[in-house]
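> What follows is a predicted structure for the sequence shown.
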Amino acid sequence: MCICINCKHVKNCTTYKIILIEHNQPIPKKNKNNIVFTPNNTLIQININQALYSNSIKYEWDLVECSSFVEKPGFWLSS
């Protein structure tokens with residue numbers, strides 16, 4: 001699971017934006033102050049899954065390590 005959802009920087013993080021793009025998810029509008037946050041020492045894990053009876057491949061992108069992580073559970077839910 002991606003640790004970003006419990007980080008206080010999730011709303012303006014460049015790495016999280018990349019993960020959203022890779023998941024074909026909508027990119028949230030810019031934050032109030034238009035602050036861009038670039039985290040340090042991130043580690044993204046990409047799981048590759050192929051369907052058993054088809055040629056479809058699914059990629060699951062998760063940030064598993066980030067030295068800039070600041071815990072704030074549920075922060076991504078607030079508006």
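Arrived safely, thanks for sending. Residues are numbered from 1 along each chain as shown.
> any chance you could map the helices in the chain?
14-22 (DSSP state H).
> Spatially central, which residue of the chain would that be?
Nearest to the mean C-alpha position of the chain, by C-alpha atoms, centre = their mean, lies residue 16 at 3.2 Å.
> pLDDT score for that one?
pLDDT recorded at residue 16 is 92.
> Repeat that for residue 32.
So, for residue 32, pLDDT stands at 67.
> list the contacts for the most far-flung residue of the chain relative to its centre?
Residue farthest from the centre of the chain, counting by C-alpha atoms, centre = their mean, is residue 53 at 29.6 Å. If a contact means C-beta atoms under 8 Å, 6 or more residues apart in numbering, then residue 53 has no contacts. Where C-beta positions appear, they are placed from N, C-alpha and C, glycine not excepted.
> so where is this structure shaky, pLDDT-wise?
Applying pLDDT under 70 to the chain picks out residues 30-32, 78-79.
> can you count the residues close to the closest residue to residue 48 other than its chain neighbours?
Nearest residue to residue 48, sequence neighbours excluded (C-beta to C-beta, 6 or more residues apart in numbering): residue 59, at 5.9 Å. Burial of residue 59 is recorded as 10 neighbouring residues (other C-beta atoms under 10 Å).
> Show the contacting residues for residue 59.
22, 46, 47, 48, 49.
> Closest one of the residues you listed to residue 29?
Minimum distance to residue 29 across the contacts of residue 59 is 19.3 Å, recorded for residue 22 (C-beta to C-beta).
> Setting aside sequence neighbours, what's the nearest residue to that closest one?
residue 61 is the one closest to residue 22 (C-beta to C-beta, 6+ apart), at 4.6 Å.
> Residue 22 touches residue 60, doesn't it?
No - counting by C-beta atoms under 8 Å, residue 22 sits too far from residue 60 to count as a contact (9.1 Å).
> quick one: residue 1 and residue 60, what's the gap?
Using C-beta to C-beta, to the nearest Å, residue 1 is found at 10 Å from residue 60.
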